[in-house]
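Build me a model from this:
(one chain, ligands or ions: 1)
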Amino acid sequence: MASPSPHTPPSSGWNDDVPDDGNGVRSDPPAGARAAVEELLDEVEASTEPRPLMAVGGLEGKAAIVTGASSGIGRAVAVALARSGVDVAFNYLGSDDQAHRDADVTEQELAACDVRIYRRTVDCRRPDQVNDFVDRAVQHLGGVQILVNNAGIGRDRALWRMSDEEWRDVLDTNLSGAFYFLRAVAPYFRAQEYGKVVNISSIHALKSEFGLVNYAASKGGLISLTRSAAVELGPSNVNVNAVAPGYIRTTRLTDRVPSEIMDRAREQSALGRLGDPQDVAGAVLFLCSEAARHITGVVLPVDGGHLA
Ligand code: NDP
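Reported below is the predicted structural model:
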């Protein structure tokens, strides 16, 4: 199947299917407006690489835990925080050599930002490991003010073929793992009456697709966890929010998802492109900043208008 251009206006749009105005006259937009839209779409298409992230002020000297930061979105978030002067502790699963090599890259990028770093393999499905990691990270970095629950996996399959293990692995990693980390940092955040939590959910929590019952349930659960935790931790001046990325170009996505689905996702996004990890990192940075001090319990889609 030939993939449509990401910028082909949808058939219901003004380009080829403009309704008439009741008097038999088609109300096409003026040529100037049309040219401006086309120019904008060309610009969007030309700029496939995200601009380097600006550092956000006001975060210097804080410390963050970013889960699953050996690659993809987690690495981009960790590095964006470090560029803003935040010390970073990160974990990853580390089940093969590649995972350790990936974590080396993250560590090198963090080191270039001249911040303190704490790195360990920790399985977020194991509350004992999570508790120990959080306590040691706090000792190593001298405190913790930010938690980004990013570690996540997918095991996609039609629900009638899905094994117990595929269901459990995804729920345990994406939802229980986030809960264990949140529970472990909560006493620190409450005691210091300050904290920022950002949970990485997904647009598939809000609009599902075939084969994702385990993933959608875990990411939907993460949104409910976000709202409930915001209510419980709000009185301690802790903000708890979620971001819901659309299709983001990480190797996890490009290795696993068929190109037809990526083409369709590109076509369905209002901006006509897939996102990059830095796009998610920018939203996380904002939610961790004082610019977002009055925002809690929300879900911010970072999807190029996929849900629009
Ligand atoms: P990656 O596969 O690149 O990164 C996943 C990270 O999670 C890795 O560091 C991995 O470690 C870690 N991890 C996996 N399982 C565990 C575990 N049991 N314990 C600790 N760490 C673990 O994925 P992405 O960057 O693409 O995705 C990151 C997050 O963003 C996920 O939660 C994903 O669901 C979400 N997301 C991604 C989208 C996308 O399009 N890419 C869209 C929407 C949401 P290791 O490498 O050692 O296994």
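
Spell out the residue ranges of the helices in this protein.
31-46, 72-83, 97-111, 127-141, 164-171, 177-192, 213-233, 251-256, 259-268, 277-288 (DSSP state H).

so which of the ones you listed gets nearest the ligand?
For the helices of the chain, distance to the ligand was read as Cβ to the nearest ligand atom. The smallest value, 2.1 Å, belongs to helix 72-83. Every residue, glycine included, has its C-beta placed from N, CA and C.

Can you add mean neighbour count, mean pLDDT and distance to the ligand and give the helices of the chain back as a markdown table?
Output for these, formatted as a markdown table (neighbours: other Cβ atoms under 10 Å; pLDDT from 0 to 100; distance: least, Cβ to the nearest ligand atom, whole Å):
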| stretch | mean neighbour count | mean pLDDT | distance to the ligand |
| --- | --- | --- | --- |
| helix 31-46 | 12 | 56 | 19 |
| helix 72-83 | 27 | 98 | 2 |
| helix 97-111 | 15 | 98 | 3 |
| helix 127-141 | 18 | 98 | 9 |
| helix 164-171 | 15 | 98 | 8 |
| helix 177-192 | 20 | 99 | 6 |
| helix 213-233 | 19 | 98 | 7 |
| helix 251-256 | 13 | 84 | 3 |
| helix 259-268 | 16 | 92 | 9 |
| helix 277-288 | 23 | 98 | 6 |
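
Can you redo these as TSV, where the extra columns are distance to Asn239?
Formatted as TSV, these follow (distance: least, Cβ to Cβ, whole Å):
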stretch	distance to Asn239
helix 31-46	31
helix 72-83	15
helix 97-111	24
helix 127-141	19
helix 164-171	25
helix 177-192	10
helix 213-233	7
helix 251-256	27
helix 259-268	30
helix 277-288	7
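
wait, which of those helices is closest to Asn91?
Distance to Asn91, taken as Cβ to Cβ, is lowest for helix 127-141 among the helices of the chain, at 5.8 Å.

The closest one: how far from the chain's middle?
23 Å (Cα atoms, centre = their mean, to the nearest Å).

now that helix against helix 177-192, angle please.
Between helix 127-141 and helix 177-192, the angle comes out at 40 degrees (axes from the mean of the first three to the mean of the last three Cα atoms, to 10 degrees).

Tell me the confidence at the nearest residue to Ser176 once chain neighbours are set aside?
Spatial nearest neighbour of Ser176, chain neighbours left out: Arg125 (6.4 Å); criterion: Cβ to Cβ, 6 or more residues apart in numbering. We have a pLDDT of 98 for Arg125.
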